[in-house]
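Visitor: sequence and predicted structure, then a few things I'm wondering about:
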Amino acid sequence: MTIANTPEPPYYAVIFTSLRTDGDNGYGAMAERMDALARQQSGYLGIESAREGLGITVSYWRDLESIRAWKANAEHLHAQQTGRSTWYSDYKTRICKVERDYGLDDAFAARSE
């Protein structure tokens, strides 16, 4: 796993936080498929994900239209429906505009802002 290499802001982040139900029930295969499919979408910039009880996946997008198109993708719609009925006991999606970002190499610059 690596940190997504995003462009200069502004861009958008979709933060998906979830609690899973017991068992895989096809979740692993679908998660891999959704990752591959998202990478093919116009406006996709990257993804970061972690799961240790609470799962957090952050996908990055060029604009709101790209996010809307991804949400409406037929395969993604099927995964969303299965998530609600089978894989998640709870979840929340948040969409944010990234105004500023910095990393380790930029840490000195970030402290001076």
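Guide: In hand now; what should we look at?
Visitor: phi first, then psi, for Ala74.
Guide: With angles defined as degrees, to the nearest 10, Ala74 sits at phi -60, psi -50.
Visitor: mind listing residues that contact the longest helix anywhere in the chain?
Guide: In the chain, assigned by DSSP state H, the helix with the most residues is helix 27-39. The contact list for helix 27-39, computed with Cβ atoms under 8 Å, 6 or more residues apart in numbering, reads Arg20, Tyr44, Ile47, Ser59, Trp70, Asn73, Glu75, His76, Ala79, Thr82, Thr86, Trp87. No exception for glycine: its C-beta is placed from N, CA and C like everyone else's.
Visitor: which helix or strand contains the third one?
Guide: This means Ile47. Using DSSP states H and E, Ile47 maps to strand 44-52.
Visitor: now for that strand, which elements pack on it?
Guide: Packing partners of strand 44-52 (3 or more Cβ pairs under 8 Å, 6 or more residues apart in numbering; DSSP states H and E): helix 27-39, strand 54-61.
Visitor: residues near the closest residue to Glu75 other than its chain neighbours, how many?
Guide: Leaving aside its sequence neighbours, Glu75 sits nearest to Leu37 (Cβ to Cβ, 6 or more residues apart in numbering; 5.8 Å). For Leu37, the count of nearby residues is 15 (other Cβ atoms under 10 Å).
Visitor: one more: Trp87?
Guide: If you count neighbours by other Cβ under 10 Å, Trp87 ends up with 21.
Visitor: mind listing what's buried along the strand holding Ile47?
Guide: If you call a residue buried by 16 or more other Cβ atoms under 10 Å, then strand 44-52 has these buried ones: Tyr44, Leu45, Gly46, Ile47, Glu48.
Visitor: who are the contact partners of the closest residue to Thr57 other than its chain neighbours?
Guide: Excluding the flanking residues, the one nearest Thr57 by Cβ to Cβ, 6+ apart is Ser49, at 4.2 Å. Going by Cβ under 8 Å, 6+ apart, Ser49 touches Met1, Gly55, Ile56, Thr57, Val58.
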